[in-house]
Structures are given as structure tokens and as C-alpha cells.
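Undergrad: just to be clear, the model below is a prediction. Sequence and coordinates:
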Amino acid sequence: MKAASILLFDFSDSLELGNTLKGELVAGSEGSVVILHEKFNGTDMKEAAEELSATMNSAVPDLLILLLSPAAQAAAPSIFSALLGQRHTSPVVAVPCSDEPAIISELFRLGANDYLVPPFRPVDVRPRLQRLLAYHLSRRTPLAKVKELLGFQQLVGESPALLEQIRKIPQVARCNACVLITGETGTGKEVCARAIHYMSPRTDHPFVPLNCGAIPIELLENELFGHEAGAFTSANSAQAGVISQATGGTLFLDEIDSLPLSAQVKLLRFLQDKEYRPLGSRKTSTADVRIIAASNARMEELLKSGKMRQDLFYRLNVLPLPLPPLRQRQEDIPLLARHFVAKYVAEKDGKAREIAPAALHKLSAYDWPGNVRELENVIERAVVLCAGDVIQSAEIDLPFQEEWVSRPQSFKQLKAKVVADFEQNYLLTVLDRYQGNIAQAARASQKNRRVFFRLMHKHHIRVERVTTTAADKPVIKVVIGVDKNVSPRARA
């Protein structure tokens with residue numbers, strides 16, 4: 001079994017602290033973990049973020065430990081931003097230069113999974129890292145493996161409805177049988193087709209996509225099979241069709257239901273014998289091509305109406321792959337939303353780095369008739385128009401808002417909302433009672449301090465100490481707030 005790997009990325013000013021932590025990691029691993037210690041000696045934090053990204057992509061660690069210097073602590077937002085949208089993601093443990101509650105809370109908000117503070121005691125270091133490693137390794141799902149192998153960042157989600165289909169991809173890729181991918185517009189049919197091709201033995205040969213619905217009916221046969229010179233008036237020279245272009249590889253026929261019946265007959269002949277005849281040719285040609293077809297229509301309706309030949313359907317439907325609409329995998333909406341935020345912030349140089357809980361709730365309540373593609377468009381628009389560093393609910397522009405806002409919620413949705421509201425109100429109340437002292441609030445709640453921190457991070461609760469002046473005397477106020485769109489509670 002392959003050993004787990006830990007990347008210790010060291011920003012600290014001295015080598016001693018990093019070596020001490022590395023020594024503790026080595027002593028606690030008993031040879032079951034490989035530790036890579038990378039020391040950053042520069043001062044340019046932009047360069048540091050780029051070096052961290054490059055190291056993550058090359059090392060592909062199972063756990064990342066960030067040993068922060070004061071400069072790196074100040075630049076933590078840009079450092080964590082560099083980790084967003086990475087092909088490979090792993091748990092992050094931060095070692096801050098201070099254990100102030102506000103600093104720890106900020107690191108959790110940015111995406112840290114846990115934190116360590118010196119001196120590094122075995123009782124603190126080993127259980128935490130073992131837990132994170134065990135959790136990460138247990139989440140090496142088929143989806144994660146496909147993403148790591150192919151770099152398909154579009155395959156985002158961990159819902160059972162999606163994983164049920166994604167688990168099939170490695171097995172489907174190993175054979176040459178036809179695949180029929182069905183699902184509504186925007187569910188990712190072409191992404192899955194590409195995944196099947198690039199995981200197959202045909203990966204070194206072409207993947208040729210053809211949208212049958214985008215080509216005039218009279219030109220479809222020519223597009224598929226090609227033609228000889230003189231086959232029709234404007235055919236001055238021979239032209240190969242997509243079947244010939246895909247020789248040795250995969251031909252992806254999207255919107256297969258748009259094929260006219262005459263072309264369906266010829267495609268059926270090709271599927272049976274691997275033979276076809278270009279327009280105007282007297283000779284048949286052969287091609288070793290795997291066919292993956294896709295449709296967003298209901299196949300039973302197409303068969304009933306006669307728009308799809310039954311024999312062609314049975315030939316294509318050897319390996320069916322139905323993809324669920326986004327409304328059937330609502331738990332993936334926050335993951336997809338954050339993925340698209342990271343993508344478009346990088347592309348459009350946007351300011352937004354996070355999306356507020358209220359905005360995520362708004363996204364989760366919508367039906368998404370356009371599926372993932374529609375969600376991507378909504379997030380792209382929000383990133384462009386967002387003026388701050390957090391996308392708020394008001395910046396999520398959805399159509400037909402009256403229709404979906406008034407729709408009654410399910411028992412599960414209402415229960416989750418009540419629980420979330422209770423947790424948030426309880427945390428605010430207990431923190432207010434103990435004047436922002438997180439350790440005391442955790443003890444009063446009978447919660448471990450790390451668990452209490454996680455709950456604060458989950459509900460975006462911050463505790464800050466602000467110095468103001470009253471009667472010409474400095475007064476320290478503890479400000480407890482949720483995000484930026486919630487009025488904070490302050491105590492002197």
C-alpha cells in the first residue's frame with residue numbers, strides 16, 4: 001500500500017521551527033508517511049503563492065501543513081486563494097505565528113481544516129494529523145480518482161446521485177461498447193464522454209465531438225461520412241467526415257435524436273460492420289471508432305414517435321449512463337458554487353473570495369432548469385458584479401424568484417434550516433455572555449475548543465477586539481458578528 005504524504009511548506013524565519021515539526025512528524029509516522037519539507041526563503045508573497053501551487057501540483061500530497069511567518073500570516077488570504085481550484089485538494093493544517101482567537105478564526109474562514117501552535121507536543125500533533133489523513137484517504141472516491149487522473153475540474157460533487165454514475169466510468173472506459181449518455185441540458189454529458197475517452201486505451205487517438213442538432217439536416221450525412229470530389233455541385237475535392245477523423249479514437253455524437261432517419265440507417269450499418277460509404281463513393285471504407293452518443297430528450301418518447309429507430313437505440317444503449325439533474329443533487333450546489341467562484345475570480349481578476357451562507361441558501365433553494373451550466377453563468381455574473389470579497393445573497397441574480405421563493409420547502413430542508421438557525425443563535429448568545437472569550441464559551445457549551453472553532457467557522461462567526469475612545473479614554477470592545485451583512489453585537 002502506498003504511504004501517505006505530507007507537504008510541510010515552511011514560511012518561517014528560522015529553520016529550527018520547521019525542523020522541529022518535521023522531526024515530530026517523522027517520529028509519529030513510524031515510516032507510514034513520507035514528509036516533504038519545502039522552505040520558502042523569499043519575501044514576495046505573490047511568488048510564494050505561485051511556488052506553493054506548483055509544489056502542490058507536482059508533489060500531490062495527502063496533507064498540507066503551512067508554517068506561517070508574520071508576513072505569510074498577513075498574506076494568508078492570497079496564499080489560501082492560490083489553493084482554490086487546484087486539480088488536487090488536500091486537508092490544510094495551519095501553524096500561525098500567533099494563537100490569537102481572531103487569527104485562528106480567520107484561518108478557518110479561509111479554508112484551514114485545523115491548526116497547530118508550538119511547542120509541538122506529540123499529544124497535540126499526532127492525533128490531529130492521523131485524523132485528517134484518515135479522513136482524506138477515505139474520501140478517495142471514484143470521482144476524485146477520475147479528477148486526479150484526468151484533471152477534469154468540471155467533475156465537481158460528491159452526491160450519491162452523481163457518484164452512482166461516475167463510479168461506472170472506469171469500467172465503461174475499459175471496453176469498446178457503445179455508450180448512451182442521457183440527461184437534461186447542462187448536466188455535463190460531454191464532460192463524462194471525454195472522461196470515458198481519456199481513461200480508455202484510445203486516449204492517444206482523437207476525441208471528436210459532433211453536435212448533431214447544430215448542423216442542417218441535409219449536411220449531416222456529409223459531416224458524418226465525408227464525400228468524394230464531384231459528389232455534389234460544390235464538392236471540388238474529397239473531404240473526410242468525422243468518422244474518418246476519429247479513427248482509432250472516440251466519436252461523440254451529441255443530440256443524437258436530431259439525426260434524420262436516413263442518417264440513422266447508415267450509422268446503424270457502421271455500428272454493425274464498422275463500414276461506411278462517403279457520399280459519391282462506390283467503395284466502402286472501414287474505421288475503428290468507438291461511438292458515444294448523448295441526448296437530452298426522453299428516449300421512450302422518441303421511440304414512440306418514430307423519431308429514433310429502435311434498432312439504433314438498442315445498438316447505442318449497450319452501456320447507458322443517465323446523469324442526474326442538479327435539483328436531484330442539491331448537496332453539490334455549495335461545492336459547485338465555490339468551484340466556479342475560484343475559477344472566475346482567477347479568470348476575471350475579481351475581488352470575491354468567498355460566498356456568504358445566505359447566498360448559498362438562495363442557490364440551494366432554486367430548481368436550476370439549466371443545471372450546472374446555468375449555475376456557472378449565475379456565479380460568473382456574481383463574481384463580475386461583486387464589489388466586496390464575499391458574494392452576498394443580493395448579488396445572486398436568479399430568474400423567476402417569486403415562483404421559487406414561495407414554493408413550500410421539504411421537511412428535510414426546513415429541519416436543516418431550523419438546526420442551522422439554532423446553532424448560529426446559540427453560538428452568538430454564549431459568546432456574548434462570555435464577552436467573546438472562546439475558551440470559556442466552549443467550556444460552557446461542553447464542546448471541545450476545536451469543535452467550537454469549527455462551528456464558528458461553519459456559521460461565519462467572528463470575534464474581534466476593537467479599540468474605541470470614550471470620554472478621552474481608550475475602550476476595548478468585543479465585536480461578535482456573522483459575515484458582513486449581519487449587524488454585529490458589541491460589548492464594552
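TA: Alright, I've got the coordinates.

Undergrad: who's in contact with the helix or strand containing Glu24?
TA: Glu24 is located in helix 15-29, with elements delineated by DSSP states H and E. Contacts with helix 15-29, where a contact means Cβ atoms under 8 Å, 6 or more residues apart in numbering, come from 6, 8, 10, 12, 33, 35, 37, 39, 65, 67, 95, 116, 118, 120, 122, 125-126, 129-130. Backbone N, C-alpha and C define where each C-beta goes, glycine included.

Undergrad: pLDDT on that helix, on average?
TA: Average pLDDT, helix 15-29: 78.

Undergrad: what strands line up against the helix or strand that it is followed by, and which way round?
TA: Downstream of helix 15-29, the next assigned helix or strand under DSSP H and E is strand 33-39. Under the criterion DSSP bridges, strand 33-39 sits next to strand 4-10 (parallel) in its sheet.

Undergrad: which residues outside the partner strand are in contact with it?
TA: Here strand 4-10 has contacts from 17-18, 21-22, 25, 32-40, 52, 55-56, 59-67, 90, 129, 133, 137, using Cβ under 8 Å, 6+ apart.

Undergrad: out of the residues you listed, which end up buried?
TA: Among the contacts of strand 4-10, those classed as buried by 16 or more other Cβ atoms under 10 Å are 17-18, 21-22, 25, 33-35, 37, 40, 52, 55-56, 59, 61-67, 90, 129, 133.

Undergrad: how confident was the prediction at the spatially most central residue of the chain?
TA: Centroid check for the chain by Cα atoms, centre = their mean gives Val156 as the closest residue, at 3.6 Å. pLDDT for Val156: 75.

Undergrad: what about it, which SS state?
TA: Assigned by DSSP: H, G, I helix; E, B strand; the rest coil, the conformation of Val156 is coil.

Undergrad: could you check how far it is from Ser244?
TA: Plainly put, Val156 is 35 Å away from Ser244 if you go by Cβ to Cβ, to the nearest Å.

Undergrad: again, but for Asp124
TA: 64 Å.

Undergrad: look up which residues are beta-bridged to Ala294.
TA: With DSSP bridges as the rule, Ala294 is bridged to Ile181.

Undergrad: which residues does it contact?
TA: Shown in contact with Ala294 (Cβ under 8 Å, 6+ apart): 180-183, 189-190, 193, 252-256.

Undergrad: what is the nearest of the residues you listed to Ala359?
TA: Gly183 (26.4 Å; Cβ to Cβ).

Undergrad: close enough to count as contact, that closest one and Met299?
TA: No. With contacts counted by Cβ atoms under 8 Å, Gly183 stays clear of Met299, the gap being 11.4 Å.

Undergrad: quick one, helices of the stretch 51-200 of the chain?
TA: For the stretch 51-200 of the chain, helices defined by DSSP state H, counting those that start in this stretch occupy the ranges 70-74, 76-83, 101-110, 122-138, 142-150, 160-166, 169-173, 189-198.

Undergrad: contacts for the third one, please.
TA: Around helix 101-110, the neighbours that count as contacts under Cβ under 8 Å, 6+ apart are 73, 76-77, 80, 94, 96, 115, 354, 436, 438, 453-454, 456-457, 460-465.

Undergrad: mind checking which of those are buried?
TA: In the contacts of helix 101-110, burial by neighbour count holds for 73, 76, 80, 94, 96, 115, 354, 436, 438, 453, 456-457, 460-464, counting by 16+ other Cβ under 10 Å.
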